[in-house]
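Asks: can't give you the sequence, but here's the structure:
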């Protein structure tokens, strides 16, 4: 393993240590709901969602420099991934239990902060349920360009191995996944495509299908919300752009007070260069990628045009 990877993994472990402690984990449903209803009157909640690999950890670091904010992403990855898996199959059996877990995280944040900011790519299916049940001040959508997402997912090894599972059918976790439930449930969701077509696609083709269908699902849900409730964080423009991020945070009715110098240092522990290294696609992969990514670019454009994304 090279030095850059070791450095990144060290900083990433340090980031994970900043995860807020959930002091209400395992509390009774009645207690969680009572406290939530009492506190939400004077407290603030933001809910963030993204395809994944969109700069979420970096943005959490930026927000946590604000004294009144407690922000963190993927707090419970196994449960969050399972929630997305269920929602992708329109299975609501886990909704209530998952909602209690999310609320317990929020009221725990509210014990020490005025603002709770929760984030997960796994909210992509079911963001409408969370919006209706939680009533956040804003829904924030992180939106990188297709190239950024594709590059990061491929470098992370998404769909490198062929998995013998029918993505159209809801099923229990196969035993051979040995505890990596979040990876299985997070990636093998129902993508509204014939299973055989997905299975026969190249790695780049599978990633493009996942990206496009997931962004389509996000758009379909947020288009039902009041327009002023949705705020877009455009990673390509925000990347190491102090002015963009400061203006974005101002639209949350918050203030970014750290200096530009300190701001530029935050990214070193949440993003590794190896995650964004260039690679070449075979002619087959490029053909499939170009075919399937058109839908991502279509919804990317719609989201940028229909919601507030220009924080300049």
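Replies: Nice, thanks for sending it over. Note that this is a predicted model, so its numbers are computed, not measured.
Asks: so where's the stretch 51-200 of the chain shaky on pLDDT?
Replies: Low-confidence segments of the stretch 51-200 of the chain (pLDDT under 70): 54, 172-182.
Asks: at 50 instead, please
Replies: 175-177 (pLDDT under 50).
Asks: Which parts of it are helices?
Replies: Taking DSSP state H, counting those that start in this stretch as the test, the helices found in the stretch 51-200 of the chain are 56-63, 77-88, 95-112, 127-134, 146-156, 181-187, 195-200.
Asks: got the contact list for the shortest one?
Replies: With C-beta atoms under 8 Å, 6 or more residues apart in numbering as the contact definition, helix 195-200 has outside contacts at 162, 166-168, 191, 206, 209. For glycine as for every other residue, the C-beta is placed from the backbone atoms N, C-alpha and C.
Asks: likewise stretch 59-70?
Replies: Contacts for stretch 59-70 (C-beta under 8 Å, 6+ apart): 15, 18, 20, 48, 71-73, 109, 112-117, 119, 142, 233, 238, 245, 249, 254-258, 262-263, 266, 269-270.
Asks: Also stretch 225-233?
Replies: With C-beta under 8 Å, 6+ apart as the test, stretch 225-233 has contacts from 48, 55, 59, 128, 131, 136-143, 222, 248, 251-252, 303-304, 306-309, 311.
Asks: so how far is it from its chain's centroid?
Replies: Relative to its chain's centre, stretch 225-233 lies at 16 Å (C-alpha atoms, centre = their mean, to the nearest Å).
Asks: oh, and call the first residue 48 from now on, that's how I've got it
Replies: Yes, from this point I'll number from 48; that puts the last item at stretch 272-280.
Asks: Tell me where the stretch 248-359 of the chain has helices.
Replies: Using DSSP H, counting those that start in this stretch, helices in the stretch 248-359 of the chain cover 250-269, 282-285, 289-297, 307-312, 330-353.
Asks: if I pick the residue nearest to the spatial centre of the chain, what's in contact with it?
Replies: By C-alpha atoms, centre = their mean, the chain has its centre lying nearest to residue 168, at 2.2 Å. Each residue near residue 168 by C-beta under 8 Å, 6+ apart is listed here: 96-99, 101, 103, 121, 233.
Asks: Distance of it relative to residue 356?
Replies: Residue 168 sits 18 Å away from residue 356, going by C-beta to C-beta, to the nearest Å.
Asks: how about TSV for the helices of the stretch 248-359 of the chain, with mean neighbour count and mean pLDDT added?
Replies: Below are these laid out as TSV (neighbours: other C-beta atoms under 10 Å; pLDDT from 0 to 100):
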stretch	mean neighbour count	mean pLDDT
helix 250-269	23	97
helix 282-285	18	94
helix 289-297	18	98
helix 307-312	12	95
helix 330-353	16	95
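Asks: Tabulate these (JSON lines), appending distance to residue 126.
Replies: Formatted as JSON lines, the helices of the stretch 248-359 of the chain follow (distance: least, C-beta to C-beta, whole Å):
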{"stretch": "helix 250-269", "distance to residue 126": "19"}
{"stretch": "helix 282-285", "distance to residue 126": "26"}
{"stretch": "helix 289-297", "distance to residue 126": "28"}
{"stretch": "helix 307-312", "distance to residue 126": "32"}
{"stretch": "helix 330-353", "distance to residue 126": "27"}
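Asks: what sits against residue 263?
Replies: Counting by C-beta under 8 Å, 6+ apart, residue 263 has contacts 342, 346.
Asks: no wait, residue 358
Replies: Residue 358 touches 280-281, 284-285, 291-292, 294-295, 298, counting by C-beta under 8 Å, 6+ apart.
Asks: from the residues you listed, which two are the most distant?
Replies: Of all pairs drawn from these, the greatest distance, 14.1 Å, lies between 284 and 298 (C-beta to C-beta).
Asks: that's a strand at residue 95, yeah?
Replies: Yes - Residue 95 sits within a strand when classified using DSSP: H, G, I helix; E, B strand; the rest coil.
Asks: burial of residue 208, as a residue count?
Replies: By the criterion of other C-beta atoms under 10 Å, residue 208 has 7 neighbours.
Asks: and what of residue 125?
Replies: Neighbour tally, residue 125, other C-beta under 10 Å: 16.
Asks: same thing with the one 10 residues further on?
Replies: Per other C-beta under 10 Å, the neighbour tally for residue 135 reads 22.
Asks: For it, give its distance to residue 291.
Replies: 32 Å.
Asks: next one: residue 85
Replies: 36 Å.
Asks: again, but for residue 329
Replies: For residue 329, the distance to residue 291 equals 36 Å [C-beta to C-beta].
Asks: again, but for residue 159
Replies: Relative to residue 291, and taking C-beta to C-beta, residue 159 is found at 29 Å.
Asks: Could you do residue 336 as well?
Replies: Residue 336 is 28 Å from residue 291, by C-beta to C-beta.
Asks: ok, back up a step: now for the helices of the stretch 248-359 of the chain, which one comes closest to residue 204?
Replies: Nearest of these (C-beta to C-beta): helix 250-269, 8.9 Å.
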